[in-house]
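Participant: Next input, structure requested:
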Amino acid sequence: MAIILVTGAAGFIGMHLADQLMARGDRVIGVDNMNDYYAVGLKRDRIARLRQDHGDRFTFLELDFADDKALEAALAGLEFDRIAHLGAQAGVRYSLENPRAYVQSNLVGHLNLMEVARQRQVAHMVYASSSSVYGGNTQLPFRVEDRVDHPVSLYAATKRSDELMSETYAHLYRVPMTGLRFFTVYGPWGRPDMALWIFTKAILAGEPIPVFNHGEMQRDFTYIADIIAGVIACLDNPPPDDGQEKPGGSKAPHRLYNIGNHRAEQLGRMIDVLEDAIGRKAARHYLPMQPGDVPATYADISAIQQDLGFQPATSIEAGIPHFVQWYRDYHRL
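Facilitator: This is a model prediction of the structure:
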C-alpha cells in the first residue's frame with residue numbers, strides 16, 4: 001500500500017485519480033483550495049463521493065498550496081511517498097482575465113510542491129502540464145521533442161515554466177519528476193468550462209452552442225479512464241537516475257510525456273456524436289477564433305507507449321455517451 005499526496009483532489013482529473021488509487025488499496029491525502037473558478041458545489045460533490053466510497057482511506061485538506069506556510073503546517077506529521085500534483089489554475093481563456101491567479105497557483109504553487117518533494121525525498125512527483133505548451137505549432141502530431149518556447153496564452157507559459165522548474169529540481173536535487181502534457185480530457189464529473197459540458201448544457205436547454213474558428217478546430221479528445229490509467233502507470237514508474245536521455249531531452253530523472261488519445265477529431269464530428277448521444281440537434285453559432293486558443297491539438301504518444309505501455313482505448317463514440325448519461329443523472333434531467 002502506498003500513500004499518495006494528490007493536489008487538485010476536488011478537480012476533475014484529481015478526483016478520478018484519487019478514486020482509482022484508493023480502489024486498488026492505496027491511501028490518498030487530497031489537497032484543494034476549492035476556489036470558485038467554477039461551481040464549488042461540483043467540487044464538494046466530488047469530495048463527498050470520495051469520502052462515501054473510500055472512508056478513512058481518504059484524508060482531505062482544504063488549503064491553498066500556493067501558501068507555503070499553510071501547506072507545511074497541514075502536512076506536518078503526515079506521511080506519504082509519492083506526489084501527484086494536479087492542482088492548478090486551469091483554463092486558457094480565463095488567463096486573459098485574471099493573470100495573477102495563474103502565477104500564484106501554477107508557479108508559486110508548483111514551487112511549493114517541489115520543495116515538499118525535495119524535503120520529503122519522495123520516490124516520485126508526477127505533475128500536470130498541458131498540450132497548451134505547444135502553442136501555435138503547426139506540425140502534427142505534437143511530439144515531446146518539438147520546440148515549445150512560443151506559448152500563445154499565459155496559462156501555457158505557466159505550464160511550460162513548471163516543466164523548466166521541474167528540470168532544475170531533478171538536476172539539482174535528483175528528485176524523480178514526470179510532467180504530463182494532457183490533451184483535452186473529458187468524461188463523467190468533468191469541468192463546466194470545457195466545450196463538451198458547455199455544449200451539452202446548451203443543447204439540452206435548446207440554446208445555440210458557440211463554435212469557434214467557424215468549426216475549423218481539431219482536438220485530441222481523451223477519455224478520463226484512459227488518462228487515469230496513464231497517470232497511475234507514471235506514478236508507479238519513476239524515471240531512473242541513469243544519465244540517459246529521457247523523453248523531453250533531460251538526462252536528469254525527469255521525463256515529459258504527451259498523454260492523449262492519439263486522434264485529432266474535427267470539432268464538428270464531436271458535435272455530431274454529442275447530438276446523437278443527446279438525441280437532439282444543436283443550433284451551431286459559428287464564431288471567430290478566440291485569443292489564446294489554437295486551431296488543432298494532436299498527441300504523439302509514442303514515448304509513453306514505449307516506456308509504460310500506455311494505450312488509450314476509448315473513442316469519442318464510446319466516451320461521449322458516458323458523459324451525457326452522467327450529466328443527465330447528476331442534474332436529474
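Participant: what about stretch 321-332, distance to the chain center?
Facilitator: What separates the centre of stretch 321-332 from the centre of its chain is 21 Å, taken as Cα atoms, centre = their mean, to the nearest Å.
Participant: what sits up against that stretch?
Facilitator: Stretch 321-332 has contacts (Cβ atoms under 8 Å, 6 or more residues apart in numbering) with 45, 186-190, 196-197, 200-201, 223, 274, 277-278, 333. Glycine gets a C-beta too; all of them are placed from N, C-alpha and C.
Participant: Backbone dihedrals for the closest residue to residue 152 other than its chain neighbours, both of them.
Facilitator: Residue nearest to residue 152 in three dimensions, not counting chain neighbours: residue 135, with 4.7 Å by Cβ to Cβ, 6 or more residues apart in numbering. For residue 135, the backbone dihedrals (degrees, to the nearest 10) come out as phi 60, psi -130.
Participant: residue contacts, residue 135?
Facilitator: 148, 150, 151, 152, 156, 294.
Participant: Could you list the buried residues of stretch 132-140?
Facilitator: By 16 or more other Cβ atoms under 10 Å, the buried positions in stretch 132-140 come out as 132, 133, 134, 135, 137.
Participant: which SS state does residue 89 fall under?
Facilitator: Under DSSP: H, G, I helix; E, B strand; the rest coil, residue 89 falls in the coil class.
Participant: Equivalent analysis for residue 151, please.
Facilitator: The local conformation at residue 151, judged by three-state DSSP, is coil.
Participant: Got the confidence number for it?
Facilitator: pLDDT, residue 151: 91.
Participant: I'd assumed residue 131 was in contact with it.
Facilitator: No - at 11.5 Å, residue 151 does not count as touching residue 131 under the criterion of Cβ atoms under 8 Å.
Participant: Show me which of these two is the more surrounded one.
Facilitator: For the pair residue 151 and residue 131, the greater number of neighbours falls to residue 131 (25 against 20), based on other Cβ atoms under 10 Å.
Participant: circling back to that earlier point, give the PyMOL command for selecting the buried subset of the contacts of residue 135.
Facilitator: In PyMOL, this line selects whichever of the contacts of residue 135 come out buried by 16+ other Cβ under 10 Å:
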select buried, resi 148+151+152+156+294
